[in-house]
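1. need the 3D shape of this:
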Amino acid sequence: MHQSRLAGLVALVVGGGSGIGEETARVIAANGGKVIVADNRKAAADDVAAAIVAAGGKAIPVAMDVASQADINAAVSTAVAVYGQLDIVVNAAAIVKAAPLETCDLEDWRLSFRVNVEGAIMLARSCLPTLRNSAHASIVHIASLSGIGAYPNGGAYGVTKAALIALTKTMAMEWVKYGIRVNVVSPGTVETPLMRAVLSPDDIEQRGPHSDAAARTAVGACGYDRLSRLADGVLRDRPEPQLRRRSLSGADGAELQRGSVTQLCVT
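-> Sure, this is the predicted structure:
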């Protein structure tokens, strides 16, 4: 456990019960932050928070469905009641309902937008009044390379991630007046429980960092063993060189700063 610029800051990590969200919660706590681990699976949030505390960090679990405004409001209220502030919001919650476009269930399509897009704006708006009181306010959305290119047979997933990237652009530009930094991280294929649930081992290998598919993309893909580097990149003002920065406004090499609209593409 070592202290850093995150010391004393409070972070709400949504989708913190596994995968990218879990690793991000661990990195925040390892760097001195206080974490609210939010997940729709309370047992998973409990386990992650307990592991953080056992390692010497500070964390509490909360049950939260990002598609529920009541759950979101309750999680934000808990953060303020327990820690007295909120400085960082990481939205790593998502669902994948994989299917070809011609056969995908429209209810699954609507649910994907409800969780992956509407959930993001409901979360951000609920956190906004508290974040405005922070001198270190930051919102990070976890999108995907499928929101930049394409995710064939992925149903609405890639479409929702493209919408999340667009939402981040708008949010960053509108909320710079409040001193809030809003960014998006777009990983390639990361071997998380979510991906293992929708992709076969062969599919994951084919999409991995050494695959032909990765070679055809601008930034490649990311494997599970790189989760810690990805999570660290979520929280850096100046990411590692391997975390390529692509400004969504078109300027290469833009730094992550308040009011910037920058996308981290993980290689």
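2. extract the C-alpha trace of stretch 85-96 and format it as PDB.
-> Extracted C-alpha coordinates of stretch 85-96, given in PDB (Å, rounded to 0.1, in the frame of the first residue of the first chain):
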ATOM      1  CA  GLN A  85     -17.400  13.700  -0.100                       C
ATOM      2  CA  LEU A  86     -17.200  12.200  -3.600                       C
ATOM      3  CA  ASP A  87     -14.400  13.000  -6.000                       C
ATOM      4  CA  ILE A  88     -14.100  10.300  -8.600                       C
ATOM      5  CA  VAL A  89     -16.800   8.300 -10.400                       C
ATOM      6  CA  VAL A  90     -15.800   5.300 -12.500                       C
ATOM      7  CA  ASN A  91     -18.600   3.700 -14.600                       C
ATOM      8  CA  ALA A  92     -17.600   0.200 -15.500                       C
ATOM      9  CA  ALA A  93     -21.000  -1.300 -15.500                       C
ATOM     10  CA  ALA A  94     -22.200  -2.900 -18.800                       C
ATOM     11  CA  ILE A  95     -24.100  -5.800 -20.200                       C
ATOM     12  CA  VAL A  96     -23.600  -7.700 -23.500                       C
END
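3. same question for it, mean pLDDT?
-> Mean per-residue pLDDT for stretch 85-96: 95.
4. list the buried residues of stretch 43-60.
-> Buried residues in stretch 43-60, defined by neighbour count with 16 or more other CB atoms under 10 Å: Ala44, Ala45, Asp46, Asp47, Val48, Ala49, Ala51, Ile52, Gly57, Lys58, Ala59, Ile60. Backbone N, C-alpha and C define where each C-beta goes, glycine included.
5. stretch 145-157 too?
-> Neighbour count says stretch 145-157 has Leu145, Ser146, Gly147, Ile148, Tyr151, Gly154, Gly155, Ala156, Tyr157 buried, by 16+ other CB under 10 Å.
6. also stretch 58-76?
-> 58-68, 71-72, 74-76.
7. any idea how far apart the tips of it sit?
-> 17 Å (CA to CA, to the nearest Å).
8. contacts for it?
-> If you take CB atoms under 8 Å, 6 or more residues apart in numbering as the criterion, stretch 58-76 is touched by 12, 14-15, 25, 29, 33-40, 42, 45-46, 48-50, 52-53, 78, 82, 86, 91, 93, 111, 114-115, 118-120, 122-123, 126-127, 130.
9. show only the entries of the residues you listed found in strands.
-> Taking DSSP state E, the ones among those that sit in strands are Leu12, Val14, Lys34, Val35, Ile36, Val37, Ala38, Asp39, Asn91.
10. cheers, nothing more for now.
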